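**Q** below is the structure, and that's it, no one-letter string:
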């Protein structure tokens, strides 16, 4: 945990400390998001071990919807530094929940991914359409999901935010500038996280644990404001 947190802090600080800031850009986006299947292993409160491939569902349009935002400080060389947060979601389907012995297993108030980003853009890359600007980016940070797990027969429900592990982000997109301040963009984005989740125990039990990777893919549409 300390390594990605330290890297994220240093990355963000380097952008803030840069002397040749040319532009600040704020972006907000919505999109459609999916989650790859992954293995979940560990033990439930009381000690019952499990290991199973979970066919995670993203449900991006169900409330609370998938969304994200970022703040970027662009330098004169079109290299940018900033921070980004994305409200990703992951739900275990019914068959997997029954096999694991849980009534609920979801990260639905956000499998929230917070990263410090480095980005590169190429204004004027398309000579015939100069308003279009391609860009790429990457980020490192942490996953802070809202864990919602209810073990079958347990009086206790895990229902809280947890800092569960390191996270990575990748971005590739295209922006269209309406004018010097406002722009529309579309992009592909993935997020990956390595999660160590605690499952709250009933009185007299030891806490449960679940370890799983979450890899999401999203196609976003958003709007940016620069100043």
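**A** Sure thing, it's come through. These numbers were taken from a predicted model, which means no experiment stands behind them.
**Q** going forward, measure contacts between C-alpha atoms and count neighbours the same way
**A** Noted.
**Q** residue 54 reaches residue 95, doesn't it?
**A** No: with contact defined as C-alpha atoms under 8 Å, residue 54 does not count as touching residue 95 (9.2 Å).
**Q** look at those two and report which has more neighbours.
**A** The neighbour comparison of residue 54 against residue 95 (other C-alpha atoms under 10 Å) goes to residue 54, with 20 against 10.
**Q** center of the chain - which residue?
**A** residue 113 (3.1 Å; C-alpha atoms, centre = their mean).
**Q** and that residue, what's its pLDDT?
**A** Turning to residue 113, the model gives it a pLDDT of 98.
**Q** for it, helix, strand, or coil?
**A** Assigned by DSSP: H, G, I helix; E, B strand; the rest coil, the conformation of residue 113 is strand.
**Q** who's in contact with it?
**A** Residues near residue 113 by C-alpha atoms under 8 Å, 6 or more residues apart in numbering: 84-88, 141-145, 167, 191.
**Q** out of those residues, which is most surrounded?
**A** Neighbour tally across the contacts of residue 113 (other C-alpha under 10 Å): the maximum, 32 neighbours, falls on residue 88.
**Q** those strands in the protein, which residues are they?
**A** Under the criterion DSSP state E, the chain contains strands at 21-35, 38-43, 49-54, 67-75, 79-91, 102-121, 132-151, 157-161, 165-177, 182-199, 208-226.
**Q** and those strands: which comes nearest residue 60?
**A** strand 21-35 (5.6 Å; C-alpha to C-alpha).
**Q** quick one: strands adjacent to the closest one?
**A** In the sheet, strand 21-35 lines up against strand 67-75 (antiparallel), strand 208-226 (antiparallel) (DSSP bridges).
**Q** and for the first one, what's in contact with it?
**A** Yep, that's strand 67-75 we're talking about. In contact with strand 67-75 (C-alpha under 8 Å, 6+ apart) are residues 15-16, 20-31, 80-88.
**Q** average pLDDT across it?
**A** For strand 67-75, the per-residue pLDDT averages 98.
**Q** distance from that strand to the middle of the chain?
**A** 14 Å (C-alpha atoms, centre = their mean, to the nearest Å).
**Q** the inter-axis angle of it versus strand 79-91?
**A** Interaxial angle, strand 67-75 versus strand 79-91 (axes from the mean of the first three to the mean of the last three C-alpha atoms, to 10 degrees): 170 degrees.
**Q** could you do the last one as well?
**A** Angle of strand 208-226 versus strand 79-91, following the same axes, to 10 degrees, is 140 degrees.
**Q** quick check: beta-bridge partners of the residue nearest to the centre of the chain?
**A** Counting by DSSP bridges, residue 113 is bridged to residue 86, residue 143.
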